[in-house]
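In: with the input below, show me the fold.
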Amino acid sequence: MAHRNVELALIAVCAACGGAKATAPAAHADTATPVPAEADVPDAGETGAPHASSIKPGMPTVGAGLQAEAVRRFAMRALPRFRACSEDGLRRNPALHGHIDVTFAIDADGKVASAAQAPTTTLPDAAVVACVVGVVSVLLFPRPTTAPVTVELPFELGP
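Out: Here you go, the predicted structure:
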């Protein structure tokens, strides 16, 4: 059953990102190039028009082994994929808003071992929630000092 949920989430991610194939990172996440600050990430769609509503990762709650700011910084790298998830939902319901909490575990290699929506999620669009969880499930983080590291990452979708 869990395998099927991951398959469905990855299908939703693939659909949200336009079907583009994922590529393997050239190096491990802790050796990757610096990430722009949140303010440096444009808030515009493919047409360049501003989003009526946007999704952004908040500050995560992180267990021992990694710094919360590092987890958030690496999650921000996937902001275009998270936005693709939310834009899909906004096309169906322009007034869509709510909160998504994703809980996940990071293994010793910095890979997400498991990811799921937390019961505190309030966003009423299951496809958007599954898409966001799917994006989180394929993220690569710095190698933690102890593993696994449990993380809860909040997202807010709203004006």
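
In: that's a helix at Gly134, yeah?
Out: Yes. Assessed with DSSP: H, G, I helix; E, B strand; the rest coil, Gly134 lies in a helix.

In: pLDDT value on it, please?
Out: As predicted, Gly134 sits at a pLDDT of 98.

In: shaky segments in this protein?
Out: In the prediction, the chain carries residues with pLDDT under 70 at positions 1-53, 159.

In: pull out the buried positions in the helix or strand containing Leu153.
Out: Here Leu153 sits within strand 149-158, counting by DSSP states H and E. For strand 149-158, a neighbour-count test (16 or more other CB atoms under 10 Å) marks 149, 151, 153-157 as buried. For every residue, glycine as well, the C-beta is placed using N, CA and C.

In: what's that strand packed up against?
Out: strand 54-57, strand 61-62, helix 68-76, helix 79-92, strand 98-106, helix 126-137 (3 or more CB pairs under 8 Å, 6 or more residues apart in numbering; DSSP states H and E).

In: hmm, 6 Å instead?
Out: Applying 3 or more CB pairs under 6 Å, 6 or more residues apart in numbering; DSSP states H and E, one finds that strand 149-158 makes contact with strand 54-57, strand 98-106.

In: number of residues surrounding Ala95?
Out: Under the neighbour criterion other CB atoms under 10 Å, Ala95 is assigned a count of 9.

In: right, I mislabeled it, should have said Gln67
Out: Neighbours of Gln67 under the rule other CB under 10 Å: 13.
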